[in-house]
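Visitor: got a predicted model here, sequence first, then my questions.
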Amino acid sequence: MTTPTTTARPEITADMTGRELRAWLGAVLPHASTDTSVPFMAVVTIEAAPDRTLYALATDRYTLAVSCRPLPDPGTGTAPAPLTLTVAARALHTVIRQIKPRDTVRLTLTDDGLTLEQLGDPHLSYRLPASDYEPLLPNWRTWLTKQASQTPGPVLTDPRGVALSPGFLARFKTAARDGLPLEMRPAGRHLVVITCGTHFLGFIAAADLTGPRKTCGDPLADWLPDLAAVASGAAA
């Protein structure tokens, strides 16, 4: 009689404080879509990479955010098996709001879902099943590199600067921590890349104001007319 061979399912476990959990996942949650017509974007992709790093990613096409935190080193010298799944963003947001910031939280990832266990008092456990949606950008590093390496388009090179939606820009507030600034730079034809330290990478699409700017004056000329006159003289 032959015994069937079974393959151990990958499982990733990491402990952190509730505050660290909120900082990691809270940095990407504002970027998940709330549009019911695109439910496949209303998720957070969670990836455990072989380099012992946990990544979280969310996007709604207009902005994108990736946040990372290191996995604990088990001391065995072996890399964890790669594991990627998607979880409903709304459910994840609801759960992390219940976690006490100072309590220790045990995060367990398997291919069928995510478990968050608050180890303090009260002892609570939340199970979030993996969604049916595939990761939007399974090769997000390659995709982002390709986008950022393109020649900048007019929306990024206009002398009047880059136009960004204040609503979209506000999403990046949760990425800042430890007093670190948000750094912005043009990247690709119409994107602005936003980083914070080494824990956060994001993209925001620049608004195309080419048409309106042709019919409207430069608002800076109203505020600083002397500066505008200097700029006109230099151009001449």
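Guide: Cool, the structure landed. Numbers count the residues shown, from 1 in each chain.
Visitor: can I take it that Ser67 is in a helix?
Guide: No. Looking at Ser67 with DSSP: H, G, I helix; E, B strand; the rest coil, it is strand, so not inside a helix.
Visitor: what about it, how many neighbours?
Guide: For Ser67, the number of neighbouring residues by other C-beta atoms under 10 Å comes to 25. Yep, even glycine has a C-beta here, placed from its N, CA and C like the rest.
Visitor: and the closest residue to it other than its chain neighbours, what pLDDT?
Guide: Nearest in space to Ser67, with sequence neighbours left out and distances taken as C-beta to C-beta, 6 or more residues apart in numbering, is Ala27 at 4.0 Å. Looking at Ala27, its pLDDT stands at 97.
Visitor: just Thr157 next, same as before
Guide: 88.
Visitor: any stretches of this structure with poor pLDDT?
Guide: Applying pLDDT under 70 to the chain flags the ranges 1-9, 74-80, 228-236.
Visitor: how about the helices in it?
Guide: With DSSP state H as the criterion, the chain has helices at 18-26, 89-98, 140-148, 154-157, 166-170, 210-215, 219-223, 225-235.
Visitor: which one of these lies nearest to Asp178?
Guide: helix 18-26 (9.1 Å; C-beta to C-beta).
Visitor: just the CA atoms of that closest one, as PDB, please.
Guide: Output in PDB follows, covering the C-alpha atoms of helix 18-26 (Å, rounded to 0.1, in the frame of the first residue of the first chain):
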ATOM      1  CA  GLY A  18      -0.800  46.900  17.200                       C
ATOM      2  CA  ARG A  19       0.700  50.300  16.400                       C
ATOM      3  CA  GLU A  20       3.200  48.600  14.000                       C
ATOM      4  CA  LEU A  21       0.400  46.700  12.400                       C
ATOM      5  CA  ARG A  22      -1.500  49.900  11.800                       C
ATOM      6  CA  ALA A  23       1.500  51.700  10.500                       C
ATOM      7  CA  TRP A  24       2.300  48.900   8.000                       C
ATOM      8  CA  LEU A  25      -1.200  48.300   6.700                       C
ATOM      9  CA  GLY A  26      -2.600  51.800   7.300                       C
END
